[in-house]
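[1] Fold the following.
(chains A and B)
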Number of protein chains: 2
Amino acid sequence: MLPRGFAAEGVDCGIRLTGMNATLAEVGEFPIIDRITKGLVRGPGVSVGPGDDAAVVSVDGSLVVSTDVMNENVHFRMDWCSPSDVGRRCIAAGVGDIEAMGAIPTAVVVALSLPSITEVSWIDKFMEGVTSECEAANVCLVGGDLSSASMISVAVTAMGETRGRSVIHRGGAQAGDLIAYKGRLGWASAGLAVLSRGFRSPRAVVSAYQVPKVAYGAGIEAARNGASSLIDTSDGLVADLGHIARRSSVIMDLDSKALPIAEPLAAVAQATGKNPMEFLLAGGEDHALVGTFSLGQVPQSWTVIGRVEPLTGRDPGVYLDGEQWVGERGWTHF
Amino acid sequence: MLPRGFAAEGVDCGIRLTGMNATLAEVGEFPIIDRITKGLVRGPGVSVGPGDDAAVVSVDGSLVVSTDVMNENVHFRMDWCSPSDVGRRCIAAGVGDIEAMGAIPTAVVVALSLPSITEVSWIDKFMEGVTSECEAANVCLVGGDLSSASMISVAVTAMGETRGRSVIHRGGAQAGDLIAYKGRLGWASAGLAVLSRGFRSPRAVVSAYQVPKVAYGAGIEAARNGASSLIDTSDGLVADLGHIARRSSVIMDLDSKALPIAEPLAAVAQATGKNPMEFLLAGGEDHALVGTFSLGQVPQSWTVIGRVEPLTGRDPGVYLDGEQWVGERGWTHF
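    Alright, predicted model coming up:
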């Protein structure tokens, strides 16, 4: 008989724990779900939270929704991230996509797959991460699912609302617009380079990889300032600006002088023999927001890094100082 | 370097396929996403579909949302289900939860994790199942994510809207109400019993396990008739009515004469030496809707199977003909 998954339900069973190293299989599914859902705060727009067949959430304007899955040994390694880190980065990545539409994030649901030998303390720490990042992002966890699996997998669906404002597409960049970002560029990928070589410092970049520091609220800030296009740098600055370039049929021309190399990135580049610009241009998972604005419309806390140019016979793409970037990893296709 | 997941984006790359047995690793992620999203129909309420950071969907009333994950060798086995079956049952299970709130399903997002050796033809067939079940359920696939993993995992988040009507909770059943269901009971679990023993017939129950036949539209039908409580039988009739019993502080008393054993279920019970009532009472994954209604309010196409009784000193639970059901698997805790 195959065990079945089940919806998050606040069933009133006691936890039959003998210790914090009890496993999911020993404790049973409903007591774990009860444990997870008991401490959750229900936000003002949530009329039904976990514990019924579905959650009910009010939406002001249109619903903005995105789903992301993160899998063990693909998106994270348990020797590089704590369970709390995994919880935080899954929420951050999900909510980042709502910000990237210029919308206001409101709610998330989390489908969690775990080996049955997972210890209850792992789930507790994972949920600490989920709830603390939800708090930082000002979103409510309104529902979930818990299932056994042969690996750890976390699927987060993030939701937001437009509050009567238009969303910001990828295809709206205009020649003459300025390119600006808010957040961090290259820190997570420098952290990954450090961890991949078995090191744990500089601590600043390792932390940036473990838990991306998303500039929550930057999406609606961009919308208020009339951003013409917007995206989050989950795949890396050049890759993600490439999406805008193709959708908008423009050249995104970055100015290398506007992309200063932060000290920890310079240190990691030197130690690993890499070009530090690789981190800034190609490194993903920082979830910075990058967009395009008319002159005089860039929000004050954003950093201008280039300008949108017309194609003038060229293919849409991303340039650095007027030339296509050909770095160590050969970004000629942008 | 860990490969990263990515959002569903309609990047205009051609498919570099040499044949339909090319794998995900050989074809590359973006061409596959392009292949998946190209044929999708955008529904009337969807202003942004796949291809941006997030989808944008209008919501009439409140948003109703539920997430479900199905994992290989936990919720399905690839020797028992075709890729199309997996796609269909994942959508059916997700949408069933929206129906179970008495709401109107509108949209789904799908996060798909696959081993990189998965063949493109598998994904094509999976997507055929997803789109055909979305069509049956009258919902739009508005976004997704695709990631590599060591096992197949599908996380579906289903969404719906209330259109100004109240949702139906689990806690509203009143003594004197009638218990009624719409859909099938026990068919999927009889099918599972057959497959578990290495057989493939009776075909009717095997199909019912492979693709549950959800009575789409039954949720709003129940809402229009003022159902006092509602749930879908994903965990089995007794288990799910148990949730209503506890939330509503009532006894759910089923009438065995109102639960006739369909011929294929009787055949499977005889062949496997099981009590056929086990299938009806304990078998899950049919996603029938079961709810409670005032006298005279049961919709015509629903089947009355019992009555809600007051506790009169007893613990909330599910009874059969006035007695607690103690079947082969000992359901005394209900």
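
[2] tell me the contacts of the residue of the stretch 151-300 of chain A found nearest chain B?
    Going by Cβ to the nearest Cβ, chain B is nearest to residue A:155 of the stretch 151-300 of chain A, at 3.3 Å. For the C-beta atoms, the positions are set from N, CA and C on the backbone; glycine is no exception. Under the criterion of Cβ atoms under 8 Å, 6 or more residues apart in numbering or on different chains, the contact list for residue A:155 reads A:67-70, A:110-111, A:113, B:67, B:69, B:111, B:145, B:153, B:155, B:157.

[3] how about 10 Å then?
    Contact partners of residue A:155, counting by Cβ atoms under 10 Å, 6 or more residues apart in numbering or on different chains, are A:67-71, A:90, A:94, A:109-113, A:144-145, B:67-69, B:109-113, B:145, B:147, B:153-157.

[4] Then residue A:240?
    A:100, A:170, A:231-234, A:252, A:284, A:288-290, A:318, B:7, B:9, B:53.

[5] Chain A: helices as residue ranges?
    Along chain A, the segments classed as helices by DSSP state H run A:24-27, A:29-38, A:83-99, A:120-137, A:187-196, A:203-210, A:218-224, A:237-248, A:263-272, A:276-282.

[6] what are the bridge partners for the nearest residue to residue A:54 once chain neighbours are set aside, then?
    Among residues not flanking residue A:54 along the chain, residue B:66 sits closest, at 3.7 Å (Cβ to Cβ, 6 or more residues apart in numbering or on different chains). Beta-bridge pairing of residue B:66, defined through DSSP bridges, involves residue B:158.

[7] quick one: residue B:66 and residue A:242, what's the gap?
    Distance of residue B:66 to residue A:242, computed by Cβ to Cβ, to the nearest Å: 35 Å.

[8] More neighbours: those two, which one.
    With other Cβ atoms under 10 Å in any protein chain shown as the criterion, residue B:66 and residue A:242 differ in neighbour count, and residue B:66 comes out ahead with 32 against 21.

[9] Might one say that the more buried one is in contact with residue B:107?
    No. Residue B:66 is not in contact with residue B:107 according to Cβ atoms under 10 Å; the separation is 11.9 Å.

[10] list residues touching both of those two?
    Overlap between the contact sets of residue B:66 and residue B:107, as judged by Cβ under 10 Å, 6+ apart, is given by B:95, B:98, B:157-160.

[11] From those, list just the buried residues.
    Buried by 16 or more other Cβ atoms under 10 Å in any protein chain shown: B:95, B:98, B:157-160, out of the shared contacts of residue B:66 and residue B:107.

[12] which ones are touching residue A:174?
    Residues in contact with residue A:174 (Cβ under 10 Å, 6+ apart) are A:228-229, A:248, A:250, A:292-294, A:308, A:310.

[13] Just the buried ones among those residues, please.
    Buried residues within these, defined by neighbour count using 16+ other Cβ under 10 Å: A:228-229, A:248, A:250, A:292-293, A:308.

[14] Could I get the residues you listed in CSV, plus columns for pLDDT?
    Formatted as CSV, those follow (pLDDT from 0 to 100):
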residue, pLDDT
A:228, 98
A:229, 98
A:248, 98
A:250, 98
A:292, 98
A:293, 98
A:308, 98
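
[15] Please identify which of those is nearest to residue B:140.
    The shortest distance between residue B:140 and any of the buried ones among the contacts of residue A:174, using Cβ to Cβ, involves residue A:229 and amounts to 24.5 Å.

[16] Looking at strand pairing, list the partners for that closest one.
    Residues in a beta bridge with residue A:229, per DSSP bridges, are residue A:292.

[17] Much appreciated, bye for now.
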